[in-house]
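Chemist: sharing a model prediction with you, sequence too.
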Amino acid sequence: MTPVKMLLSYNNNEKVVEVPVIPDKLPEIVQELANEEFTAHTKTLTLLGSKKPRTFTLDLFLPTKEYEFCKGNGEEVISLLKYVAEKKIPARLVVTDNMTELLNIAIAIKNFRYYYDTVKNIRATIDCVEYIFVNTQTAPPEESTAPVFKETAVTYNNTTSQIKSANIEGHTLIKARDVLNLLGKEVDWNAERKQVIADGELLDIHTEVYDGCAYCYVRDMAGAVGFDVDYNPNDKSVTLKER
């Protein structure tokens, strides 16, 4: 008797059935790739794609009587196929040779057909496709990396505005438009470079965008338009002065 065993099961071995007779030819696994071909000028190019689920067909002799050359009952295999089809659940096929696992694959049954021969044994053909389990658990939400914004008092020429800002490692990241408006600058936005424009001049400084608004470090921005910054650590206020 061959040392090769073929087992069908479902629900993590809730039910396991051994195929009574091992076919002469073990399953031929078909691995297709989702490649795409397209023609550019006079050449046909291939775009390599991902692997598709593997497929194979089982052609089985399932005896319904006891024979010296096999053990098991072919009716159990048919019952298992009917059960997974009715419950709409995947099955699993495991093929071993002594202690060596030749194949272990979760399968969806595409279709199966069978008939009884003249001595009432079963001949069955089962078309299978690899079943890919999907993780339905919801990933925990990622922690927000956005800075914590607050209002900072910014003064220029005896006028003070409360402007949205955040402290980043001891540096003040502040809403660019409001500061530049306080300085009397016309403000625009270069969408391609994602940088602020003041009075027609691109401010080539570090810029970040939050909720559709541009933020720059106040000292960088002030310096780019010819101003100095005085920072009051007591009330965390900012005063802008022309150079």
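Modeler: Arrived safely, thanks for sending. Residues are numbered from 1 along each chain as shown.

Chemist: what distance do you get for Ile126 to Leu58?
Modeler: 4 Å (CB to CB, to the nearest Å). Where C-beta positions appear, they are placed from N, C-alpha and C, glycine not excepted.

Chemist: ok, Glu130 next?
Modeler: Glu130 is 14 Å from Leu58, by CB to CB.

Chemist: got it, and Leu81?
Modeler: 10 Å.

Chemist: could you name every residue contacting both of the two?
Modeler: 124, 126 (CB atoms under 8 Å, 6 or more residues apart in numbering).

Chemist: for this protein, what's the longest strand?
Modeler: strand 100-116 (DSSP state E).

Chemist: who touches that one?
Modeler: With contact meaning CB under 8 Å, 6+ apart, strand 100-116 is reached by 4, 26-27, 29, 54-55, 62, 64, 78, 81, 84-85, 90-96, 122-133.

Chemist: and what of stretch 199-219?
Modeler: With CB under 8 Å, 6+ apart, stretch 199-219 has contacts from 146-147, 149, 154, 164-166, 168, 171-177, 179, 185-186, 188-190, 193-197, 220-221, 224-225, 229, 238.

Chemist: likewise stretch 77-86?
Modeler: So stretch 77-86 is contacted by 8-10, 15, 17, 19-20, 60, 62, 90-91, 109, 112, 114, 122, 124, 126 (CB under 8 Å, 6+ apart).

Chemist: out of those residues, which end up buried?
Modeler: Buried members of the contacts of stretch 77-86, scored by 16 or more other CB atoms under 10 Å, are 8-10, 17, 19-20, 60, 62, 90-91, 109, 112, 122, 124, 126.

Chemist: what is the nearest of these to Phe69?
Modeler: Nearest to Phe69, judged by CB to CB, of the buried ones among the contacts of stretch 77-86 is Pro20 at 9.3 Å.

Chemist: so which of the contacts of stretch 199-219 sit within strands?
Modeler: Per DSSP E, the contacts of stretch 199-219 map to strands at 154, 164-166, 168, 171-175, 188-190, 195-197, 229, 238.

Chemist: tell me the angle of the helix or strand where Ile126 lies relative to strand 100-116?
Modeler: In this structure, Ile126 sits in strand 122-130 according to DSSP states H and E. Counting by axes from the mean of the first three to the mean of the last three CA atoms, to 10 degrees, strand 122-130 lies at 130 degrees to strand 100-116.

Chemist: so how far is the longest helix anywhere in the chain off the chain centroid?
Modeler: The single longest helix within the chain, with elements called by DSSP state H, is helix 74-87. Relative to the chain's own centre, helix 74-87 is displaced by 34 Å; criterion: CA atoms, centre = their mean, to the nearest Å.

Chemist: flag every buried residue along that helix.
Modeler: By neighbour count on 16+ other CB under 10 Å, the buried set for helix 74-87 is 74, 76-78, 80-81, 84.

Chemist: among those, which has the minimum pLDDT value?
Modeler: Of all these, Gly74 has the smallest pLDDT value, namely 89.

Chemist: dump the residue contacts of that one.
Modeler: Counting by CB under 8 Å, 6+ apart, Gly74 touches 20, 60-64, 121-122, 124.

Chemist: measure it to Asn234 for me?
Modeler: Counting by CB to CB, the gap from Gly74 to Asn234 is 89 Å.

Chemist: break the chain into its domains for me.
Modeler: Annotated domains of the chain cover 4-130, 150-242 [automatic domain parsing].

Chemist: direction included, what does the helix or strand of the chain with the lowest mean pLDDT pair up with?
Modeler: None of the helices or strands of the chain scores lower by mean pLDDT, DSSP states H and E than strand 36-40, at a mean of 81. Strand 36-40 has the following strand partners under DSSP bridges: strand 43-47 (antiparallel).
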